[in-house]
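Visitor: the following comprises the amino acid sequence and a computationally predicted model.
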Amino acid sequence: MPTDEMAAPRPPAQVPPPLVPGLRGLLTLAVGVVLIAALYFGREVFIPLVLAVLLSFVLAPVVNLLRWIKLGRVPSVIVAVLLALAIIGGIGALIGTQVAGLAGNLPQYQATVQKKFAGLQEGRLGEANRIIAKFSHQVHDATQKADAAGTTAATGPTGDTPKAQLVRVQEPEISPLALAEKVLGPILEPLTTVGIVLVVVVFLLLQREDLRNRMIRLFGSGDLHRTTVAMDDAASRLGTYFLAQLGMNAAFGVIVGVGLWFIGVPNPLLWGVFSALMRFVPYIGAFISGVFPVALAAAVDPGWSMVIWTAALFLIAEPVFGQVIEPLLYGHSTGLSPFAVIVSTLFWGFLWGPIGLILATPFTVCLVVLGRHVDSLEFLDILLGDRPPLTPVENFYQRMLAGDPDEVRDLAETMLKERSLSSYYDEVALKGLQLAANDFGRGVVTPAQLENIRASSRSLVEDFEDHADAEPADTGKAVNPNETPTLAERAHPKNEAVPGQAPSREALPEPWRGEAPVLCVAGRGPLDEASSAMLAQLLRKHGLGARVAGHEAVSRDRIRDLDLDGVAMVCISYLDISGNPAHLRYLLERLKRRAPGMPVLVGLWPVGEKVLTDAAIGRQIGADVYVSSLREAVAACLKAAQGETGSALAA
């Protein structure tokens, strides 16, 4: 008889109350809105501070150089700031002088433009203009008639219209103080901003170490290593960006100025400096700076040759600098994607106007650095950075799942420029196939998709049949050892190619002289045959013939018909044994009965299987060698072919 407690019905499962949906998202959105509003309405305060911080990055190397020659901290800072002030003042004086000279010649340029348009009006452009003028005249006449009819109806039958009265507006006399404000206001405001910036720069350069320590204490005293790496990364990127941009933009301005001087455009110094400054605005700044010289060329030259040459100068110089010289000199020093640069330029330009256009890239660099070092902000690096968001393994699996073997091959060829074929198979292809096998076991991959992955895998192996398993030649690509990898670049080591080749067939032991002395048997997993095909291909590349047998060939009913002529070693591949090696033990028992004494290697590609670390389990299962990578499997087969002992269990 059941007891009362057993007979009593169970209470319903307690489900925890759900969290308020979207509360965290709403809070994040509110903080973002407040931040943007603060940046917009407080731009009068933030802009000088930000300019000072960025200028301190530019002057920091100069200060370090002066301190290196034993000038002292305070004198070094003062000399660097005075040098910056002299450069800024010199550029301002040069621009003012050039603008004044240009303004004095404006009447002459206006006359040239009028003559040029008068000549245009005599041709087809003039005919089109006359047609438009005739149409406008007709519209004007119709409008006047309608207005006259409305006026007659409004005045009534007497025709009397109200008389217009003369109104005289007398402006008040301007006081001397108001006049001074009106004249000096536009001059004092930028001078005040420059003064504030220079004062803040002096304090920033004098207190650099103290400010750095305070930032570490405020944001990252709990993890000094990560905070230090993040600050060094940000400083390095910003410093490299500003110095490189200053050099490149100055060179661009010199080339534009010299080119305009040869073409004959007036005031080439002005346009050279203007082009150098405008080039700080990403993508469009250089082309915008070319509008004014082209317009001036049209006003100076009665013909069109000067206009054409001036436009050609900008259309050729900017792409050469932006697409050829800059990538060669400092590559992706900012770490930003082109889309992020465009979006950030629009955003900061809207918030802070022209200054925001110049500051957009440095601000976005800081956000990307935060995303690379702060886990909760990693989405910033994914959205704005220029490094791949998916791991090579995820890319491999995603493209296989989408049925796009061509892109899989394209990505593989890119990786093979930096690693061997065996390294690519081990670190990318096998791990991608493991993801597919796991998803198939969970029921999220359909049989049709699985067959698509099988076909794509076979196609990939066939595509690299003629590709040697060797270390690629040095590409000369500089690798920064301090570069912080993204999540997509972590945990993917680069293994070297399998060293050595098998001896010639005549030099091999007698059992190894057949056409295919290694038989690669697929496990019972849905994609184990693909891993066996990769192993067989690598063995052939190292001088050992190999062929593949499916799992059904070693089943209980068909193993007696298995062709073992010329086979000296059997290699079994498993992408996953699901923690239950019993079926592997039964397979090995069948093979031992079918071919007593033949060495058997088992490749368990998922790292961490107990068989790979527990010698007792390995002996119980019965294989001669256990490996966890294709590279180890090829090396073990080469040792066995050379007569070396391979019966010890590999950890």
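Guide: Looks like it came in fine.

Visitor: relative to Val81, how far out is the residue minimising distance to the centre of the chain?
Guide: Nearest to the mean C-alpha position of the chain, by CA atoms, centre = their mean, lies Asp386 at 0.6 Å. According to CB to CB, to the nearest Å, Asp386 and Val81 sit 34 Å apart. (C-beta placed from N, C-alpha, C; glycine too.)

Visitor: same thing with Leu205?
Guide: Distance of Leu205 to Val81, computed by CB to CB: 7 Å.

Visitor: what of Ala640?
Guide: Applying CB to CB to Ala640 and Val81 gives a distance of 73 Å.

Visitor: the two: who's more crowded?
Guide: Neighbours were counted for Ala640 and for Val81 using other CB atoms under 10 Å; Ala640 has more, 24 against 21.

Visitor: packing partners of the helix or strand containing that one?
Guide: Assigned by DSSP states H and E, Ala640 belongs to helix 630-641. When contacts are defined as 3 or more CB pairs under 8 Å, 6 or more residues apart in numbering; DSSP states H and E, helix 630-641 sits against helix 421-424, helix 528-541, strand 569-574, strand 600-604, strand 625-627.

Visitor: domain parsing of this structure, as residue ranges.
Guide: 42-127+186-206, 223-384, 391-470+492-497, 498-651 (automatic domain parsing).

Visitor: can you add mean pLDDT, mean neighbour count and distance to Pro581 and give the helices and strands packed on helix 630-641 back as a markdown table?
Guide: Below are those laid out as a markdown table (pLDDT from 0 to 100; neighbours: other CB atoms under 10 Å; distance: least, CB to CB, whole Å):
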| stretch | mean pLDDT | mean neighbour count | distance to Pro581 |
| --- | --- | --- | --- |
| helix 421-424 | 87 | 25 | 26 |
| helix 528-541 | 90 | 24 | 14 |
| strand 569-574 | 90 | 26 | 9 |
| strand 600-604 | 87 | 25 | 9 |
| strand 625-627 | 87 | 23 | 11 |
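
Visitor: that older thread, which residues are in contact with both of Leu205 and Val81?
Guide: Residues touching both Leu205 and Val81 by CB atoms under 8 Å, 6 or more residues apart in numbering: Leu59.

Visitor: in the stretch 1-150 of the chain, which spans are helices?
Guide: With DSSP state H, counting those that start in this stretch as the criterion, the stretch 1-150 of the chain has helices at 4-7, 23-41, 43-68, 73-104, 106-121, 124-155.

Visitor: from the chain's centre, how far out does the helix or strand hosting Val320 sit?
Guide: If you go by DSSP H and E, Val320 is part of helix 305-320. Per CA atoms, centre = their mean, to the nearest Å, the displacement of helix 305-320 from the mean C-alpha position of its chain is 30 Å.

Visitor: can you check stretch 347-359 too?
Guide: The answer for stretch 347-359 is 22 Å, by CA atoms, centre = their mean.

Visitor: could you number the chain from 260 rather than 1 from now on?
Guide: In the new numbering, first residue 260, that becomes stretch 606-618.

Visitor: returning to what we had before: identify whichever of the helices and strands packed on helix 889-900 lies nearest to Asp640.
Guide: In terms of CB to CB, the element of the helices and strands packed on helix 889-900 nearest to Asp640 is helix 680-683, at 25.2 Å.

Visitor: that closest one packs against which elements?
Guide: Partner elements for helix 680-683 (3+ CB pairs under 8 Å, 6+ apart): helix 787-800, helix 889-900.

Visitor: so which of the helices and strands packed on helix 889-900 gets nearest Glu672?
Guide: Counting by CB to CB, Glu672 lies closest to helix 680-683 out of these; the figure is 9.7 Å.

Visitor: quick one on the thing from earlier: what would the helices and strands packed on helix 889-900 look like in TSV with distance to Tyr368?
Guide: Below are these laid out as TSV (distance: least, CB to CB, whole Å):
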stretch	distance to Tyr368
helix 680-683	64
helix 787-800	72
strand 828-833	80
strand 859-863	80
strand 884-886	80
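
Visitor: quick one: closest of those to Ile818.
Guide: Nearest of the helices and strands packed on helix 889-900 (CB to CB): strand 828-833, 11.5 Å.

Visitor: tell me the strands beside that closest one, with direction?
Guide: Neighbouring strands of strand 828-833 in its sheet, by DSSP bridges, are strand 777-781 (parallel), strand 859-863 (parallel).
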